[in-house]
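K.L.:
got a structure for you, letters missing:
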């Protein structure tokens, strides 16, 4: 059952310690909470403050009804600093009140929002509300990396939009640190010269400035550059009847994939078909972690830790893929009955995501760590945290022999 865990501890090099210590969004969480409580939207609503299980020194402040599906704001604090902020925004009867509350608060915390290139025919406030609404709905439509979530970076802030399709969405905000959610996925598959050309357009996508991104990308897409065709397939505005639009999107995706661009091959590999399977295998063989993880998920038979798919996905977790790490936590917590290994991977996953107040962090990682902590002694937790602090993601080249040994690449 611990096949890969034993591999991990003999396989990893000791590196600099990793500790969950995101930069603050604001020096005073109390000040931000007071502004939120003063909004008419939250007038008379309850405020609950509690410790965060598994993170000594961190507290959670919930303004409004914290039950899923109700409008609320959640603040993560360290000392009295604001570390993360999340809004739960239901779709019905209208998402607008929650969206306005979010953008009013976020614009105060992130100066870079003032410079976003948005619809100039609207008031600035309405344009920002439209920006948040569009990306929130996008999170319903684009579960590309294994979850209904879209990450965007503006200035020094990371925004995580997590969708509950046709119900609403959460918007989390935290300090971005080194995270560049679009560049990190797409740029490594480009040459240095291509990266230089692509960077302004990819950064526009990363900020959610889709109209600007289209303007910047179009010339490169017209010349058939793979990265540009992928962006236009996602954010372009083809015209015509639905079938014509689908044909044009597929033409761009296939053109990018035919050039060996692994992110485009991964997109084409998502449907369940022989053609898609071949595209997925090609992207996996190139080392694209999301493609290897998706291919691994199709090897599952039981969902237990001994499952061939689980072994492959745990290797992807070693490569640093966050969703593979999250699923590894749950396999050991539920499918393998091994709280120690689950806790170890949980601490690593917390660091990999890096964000401070998304629903992924709060519900699926911190909550799980709190439950697991009750099954371990203090000494066990300390030792596992030290091992997790020594974790360093491995490259595909280092892991490739293990992938091939277990049939992970097709």
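P.N.:
Perfect, I can see it now. Predicted model only: the values in this text are computed from it and were never measured.
K.L.:
What segments of the stretch 151-300 of the chain are helices?
P.N.:
Per DSSP state H, counting those that start in this stretch, the stretch 151-300 of the chain carries helices over the ranges 183-186, 192-207, 210-222, 226-235, 242-258, 262-268, 274-285, 289-297.
K.L.:
measure stretch 370-388 end to end?
P.N.:
16 Å (CA to CA, to the nearest Å).
K.L.:
buried stuff in that stretch?
P.N.:
Residues of stretch 370-388 classed as buried: 371-373, 376, 381, 384-385, 387-388 (neighbour count, 16 or more other CB atoms under 10 Å). Any C-beta I mention is one placed from the backbone N, CA and C, and that applies to glycine too.
K.L.:
from those, which is closest to residue 209?
P.N.:
residue 388 (36.6 Å; CB to CB).
K.L.:
contact partners of stretch 115-133?
P.N.:
Stretch 115-133 has contacts (CB atoms under 8 Å, 6 or more residues apart in numbering) with 95-96, 99-100, 102-104, 107, 113-114, 154, 161, 171, 204, 207-209, 211-212.
K.L.:
on that earlier part again, go through the helices of the stretch 151-300 of the chain and name the closest to residue 34.
P.N.:
helix 192-207 (29.3 Å).
K.L.:
on contacts alone, who are the packing partners of the closest one?
P.N.:
strand 149-154, helix 183-186, helix 210-222, helix 226-235 (3 or more CB pairs under 8 Å, 6 or more residues apart in numbering; DSSP states H and E).
K.L.:
separation between residue 241 and residue 248?
P.N.:
Separation of residue 241 from residue 248 (CB to CB, to the nearest Å): 11 Å.
K.L.:
Between the two, which has more neighbouring residues?
P.N.:
Comparing residue 241 with residue 248 by neighbour count (other CB atoms under 10 Å), the higher total belongs to residue 248, at 16 against 8.
K.L.:
so how far is residue 56 from residue 70?
P.N.:
29 Å.
K.L.:
and those two? which has more neighbours close in?
P.N.:
Taking neighbours as other CB under 10 Å, residue 70 and residue 56 compare with residue 70 leading, 14 against 8.
K.L.:
Which secondary structure state is assigned to that one?
P.N.:
Put simply, residue 70 is coil when judged by DSSP: H, G, I helix; E, B strand; the rest coil.
K.L.:
Tell me which residues touch it, please.
P.N.:
So residue 70 contacts 64, 88, 90 (CB under 8 Å, 6+ apart).
K.L.:
can you list the residues you listed in a markdown table and add distance to residue 223 and pLDDT?
P.N.:
Formatted as a markdown table, these follow (distance: CB to CB, whole Å; pLDDT from 0 to 100):
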| residue | distance to residue 223 | pLDDT |
| --- | --- | --- |
| 64 | 50 | 92 |
| 88 | 44 | 95 |
| 90 | 44 | 94 |
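K.L.:
Quick check: which element contains residue 62?
P.N.:
strand 58-64 (DSSP states H and E).
K.L.:
Check which helices and strands the longest strand along the chain is in contact with.
P.N.:
In terms of residue count, the longest strand belonging to the chain (DSSP state E) is strand 81-90. The elements that strand 81-90 packs onto, with contact taken as 3+ CB pairs under 8 Å, 6+ apart, are helix 29-38, strand 72-78, helix 96-109, strand 168-175.
K.L.:
export the ones you listed to a markdown table and tack on mean neighbour count?
P.N.:
Shown next, in a markdown table, are the helices and strands packed on strand 81-90 (neighbours: other CB atoms under 10 Å):
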| stretch | mean neighbour count |
| --- | --- |
| helix 29-38 | 17 |
| strand 72-78 | 24 |
| helix 96-109 | 19 |
| strand 168-175 | 25 |
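K.L.:
Please identify which of the ones you listed is closest to residue 317.
P.N.:
strand 168-175 (22.3 Å).
K.L.:
now the closest one, how far from the chain's geometric center?
P.N.:
11 Å (CA atoms, centre = their mean, to the nearest Å).
K.L.:
For that strand, which strands pair with it and how are they oriented?
P.N.:
Within its sheet, and counting by DSSP bridges, strand 168-175 is paired with strand 81-90 (antiparallel), strand 157-164 (antiparallel).
K.L.:
Low-confidence regions, this protein specifically.
P.N.:
1-19, 143, 303, 335-336 (pLDDT under 70).
K.L.:
Quick check: can you list the domain ranges of it?
P.N.:
1-22+301-410, 29-175 (automatic domain parsing).
K.L.:
start to end distance for the last one?
P.N.:
From its first residue to its last, domain 29-175 covers 14 Å (CA to CA).
K.L.:
can you put the strands paired with strand 168-175 in TSV and add distance to residue 270?
P.N.:
Putting these into TSV (distance: least, CB to CB, whole Å) gives the following:
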stretch	distance to residue 270
strand 81-90	27
strand 157-164	17
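K.L.:
With mean neighbour count added, can I get the ones you listed in CSV?
P.N.:
Output for these, formatted as CSV (neighbours: other CB under 10 Å):
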stretch, mean neighbour count
strand 81-90, 24
strand 157-164, 23
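K.L.:
Just list the residues touching residue 168, thanks.
P.N.:
If you count contacts by CB under 8 Å, 6+ apart, then residue 168 has 69, 88-92, 95 around it.
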